[in-house]
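> kindly generate the corresponding structure for this input.
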Amino acid sequence: MLARKGLLAGACACLLICGPASRGRALDADLPGGLGAEEQLLGGQTDVAVAPDDPLVSREIALSGRVEESFEESLVKSGAPAALTGKLQDAVSSALEDGHERAGIDTFHVRYEQTFTGDGREVGAGRIVSAEIETSARRRIAFYRFRPVRGTEQLWLSNGVSLAEPSMRLPLDAVSVSSGFGVRADPFEQPRNGLGAPSRLGTVGATINTATARGIALGLAPGPGKSAPRGGTTFLMHQGVDLLAPPGTPVHAASDGVVVGAAPNAGYGNWIRIQHAGNVATVYGHLSEFAPGMSAGVTVQRGQLIGFVGSTGRSTGPHLHFEVIDSGKAVDPMAFPATRRTTLAGADLESFRKLVRQSELARQGERGFLLISGGDGN
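Below is the predicted model:
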C-alpha cells in the first residue's frame, strides 16, 4: 500500500491497487454520451488515446481531510482531481437536506476508483466509491456506490435512499406542509391556529375542527367538491398540499413542461398550470405574482422560476397550494412516485447493508494506517 501526505494539514491520500481494468463494454458504457444522471453523479470516465496493447489498471484512492476554508478548496488540497471535486460537491449537496449546510462541513473521507494506463496516465475523472462527511454539528452523513439487481449503479445514503434527484421536484426549496392532501374542514371556518403545526416534509393529515362563529356568520355553504356541513362545519376535498412559506418566496416548476395557463383563477388566486410528459400536470395557487414572461404556451424547465408565494384568492394566509394531476386525477404530491427518491428494499437492501459494513471495516483499517503513517486519521 502506498501513501502520500496531502497538501492540506491533516489530509492524506492512500492508493489501493484493485487490479486490471477491463477495456470492454463496461468501460465503454462510461464514455461521454452514455452517461445517465446517476452515472454523472458518480463521476463517469472520459476517453483518452490508449494503445490496444496498453494495459489499464484500476486503483481505489482514499482521501481524508479537515475543511479549513471551503469544502471545494479542501478537496483539491487533499489531492482530489478537479473533475471529481465537482461530482463530490454535487453528491454532498444532494445528501444534505439543505445545500447551504456545506459551509458547516468539518471533516471528509472519500474513496474513489481511478483508472490508469500502463505508463501512469489517468483515464477519466474517477468514480466515487464512498464518502463520509461530518458537519460542525457532529452530524455524520455517508453514501456508497451500489448497483441493485434490476437498476442502475448510483450513490445511496447509508439508509438505502438514493442520492439521485427525483424526476419531479417540489416547487419550494424548503418545504413545510401546513395542510395535507385529502378531506379536511374548510380552513375559513377554523381558528387561524387550527390547521395544525407544519412539519418538514411530513405527511400532515387534515385537522378537523368545530365550526367557528366567524364561519357560521359568513354563511359558508358547500360548493363543488364539498360535502354537506356536519354540525355547522363544511368539509371538502383538498386536492393538493399547502406549503407554508413567507410572501415572495420563489416558486419553481416541478418538471419540464408547457404552461397551460397563468392568470387569476377564482379561489386559486393567481394560478399556474403546467402540462408535463406522461399525462401529468401540476398546479400552483395563491401566487403573489408571476415570473416575467410567464403565460400560456411558454415552455419551462425543471426548477425554473415561475412565480412567488402569496395569499391571493381564497387563502387564509401566505402559502403555496400545489397539486399533481395524474391522468386527470388529483394525487397526493408528497406520495407521488415521481417526487420521491428511490429507496432500496428486500434483497437489494440486504446486499447494500453488507456493502456498508464492509466499507466501515475498510475505513477502520485506513484510520489505523493513517495513524502509523503520520496522518490525523480523519
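> in stretch 267-277, which residues are buried?
Buried residues in stretch 267-277, counted by 16 or more other CB atoms under 10 Å: 268-274, 276. The C-beta positions use only the backbone N, C-alpha and C, and glycine is treated the same way.
> from these, which is closest to Thr249?
Proximity of the buried residues of stretch 267-277 to Thr249 (CB to CB) peaks at Asn270, which lies at 13.9 Å.
> what is the burial count for the closest residue to the closest one other than its chain neighbours?
Using CB to CB, 6 or more residues apart in numbering and skipping residues adjacent in sequence, the residue nearest Asn270 is Leu287, 3.9 Å away. Per other CB atoms under 10 Å, the neighbour tally for Leu287 reads 26.
> how does this structure divide into domains?
If you go by automatic domain parsing, the domain ranges for the chain are 2-165+342-373, 176-339.
> sorry, back to before: OK, contacts around the residue nearest to Asn270?
Neighbouring residues of Leu287 by CB atoms under 8 Å, 6 or more residues apart in numbering: 251, 269-272, 307-310, 312, 320.
> same list (those residues) but as JSON lines, adding secondary structure.
Shown next, in JSON lines, are these (DSSP: H, G, I helix; E, B strand; the rest coil):
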{"residue": "Val251", "secondary structure": "strand"}
{"residue": "Gly269", "secondary structure": "coil"}
{"residue": "Asn270", "secondary structure": "strand"}
{"residue": "Trp271", "secondary structure": "strand"}
{"residue": "Ile272", "secondary structure": "strand"}
{"residue": "Gly307", "secondary structure": "strand"}
{"residue": "Phe308", "secondary structure": "strand"}
{"residue": "Val309", "secondary structure": "strand"}
{"residue": "Gly310", "secondary structure": "strand"}
{"residue": "Thr312", "secondary structure": "coil"}
{"residue": "Leu320", "secondary structure": "strand"}
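> make CSV from those and add distance to Ser58 and pLDDT to it.
Listed next are those as CSV, based on distance: CB to CB, whole Å; pLDDT from 0 to 100:
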residue, distance to Ser58, pLDDT
Val251, 45, 96
Gly269, 57, 91
Asn270, 55, 94
Trp271, 54, 93
Ile272, 49, 96
Gly307, 49, 96
Phe308, 50, 97
Val309, 49, 95
Gly310, 54, 93
Thr312, 58, 89
Leu320, 48, 93
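> right, and Phe71 touches Val92 too?
Yes: counting by CB atoms under 8 Å, Phe71 does reach Val92; the two are 7.1 Å apart.
> just checking, Gly126 touches Arg59?
No: using CB under 8 Å as the test, Gly126 is too far from Arg59 to be in contact (9.6 Å).
> so for those two, which residues contact both of them?
Between them, Gly126 and Arg59 share these contacting residues under CB under 8 Å, 6+ apart: 113-114.
> between the two, which is the more surrounded one?
Counting neighbours by other CB under 10 Å for Gly126 and for Arg59 shows that Gly126 has the greater number, 26 against 18.
> in what helix or strand does the closest residue to Tyr144 other than its chain neighbours lie?
Nearest non-adjacent residue to Tyr144, counting by CB to CB, 6+ apart: Ser130, 4.5 Å away. Assigned by DSSP states H and E, Ser130 belongs to strand 122-135.
> so which elements touch that strand?
Where contact means 3 or more CB pairs under 8 Å, 6 or more residues apart in numbering; DSSP states H and E, strand 122-135 is packed against helix 37-42, strand 56-66, helix 82-95, strand 105-117, strand 140-146.
> save those as JSON lines, and put in mean pLDDT too.
Shown next, in JSON lines, are the helices and strands packed on strand 122-135 (pLDDT from 0 to 100):
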{"stretch": "helix 37-42", "mean pLDDT": "47"}
{"stretch": "strand 56-66", "mean pLDDT": "88"}
{"stretch": "helix 82-95", "mean pLDDT": "87"}
{"stretch": "strand 105-117", "mean pLDDT": "90"}
{"stretch": "strand 140-146", "mean pLDDT": "93"}
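> figure out which of these is closest to Arg169.
Arg169 lies closest to helix 82-95 among the helices and strands packed on strand 122-135, at 11.7 Å (CB to CB).
> buried set for the closest one?
84-92, 94-95.
> got it, and stretch 128-142?
The neighbour-count check on stretch 128-142 (16+ other CB under 10 Å) flags 128-135, 141-142 as buried.
> and those residues as a markdown table, adding distance to Pro246?
Shown next, in a markdown table, are these (distance: CB to CB, whole Å):
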| residue | distance to Pro246 |
| --- | --- |
| Ile128 | 36 |
| Val129 | 41 |
| Ser130 | 38 |
| Ala131 | 34 |
| Glu132 | 35 |
| Ile133 | 30 |
| Glu134 | 32 |
| Thr135 | 26 |
| Ile141 | 28 |
| Ala142 | 34 |
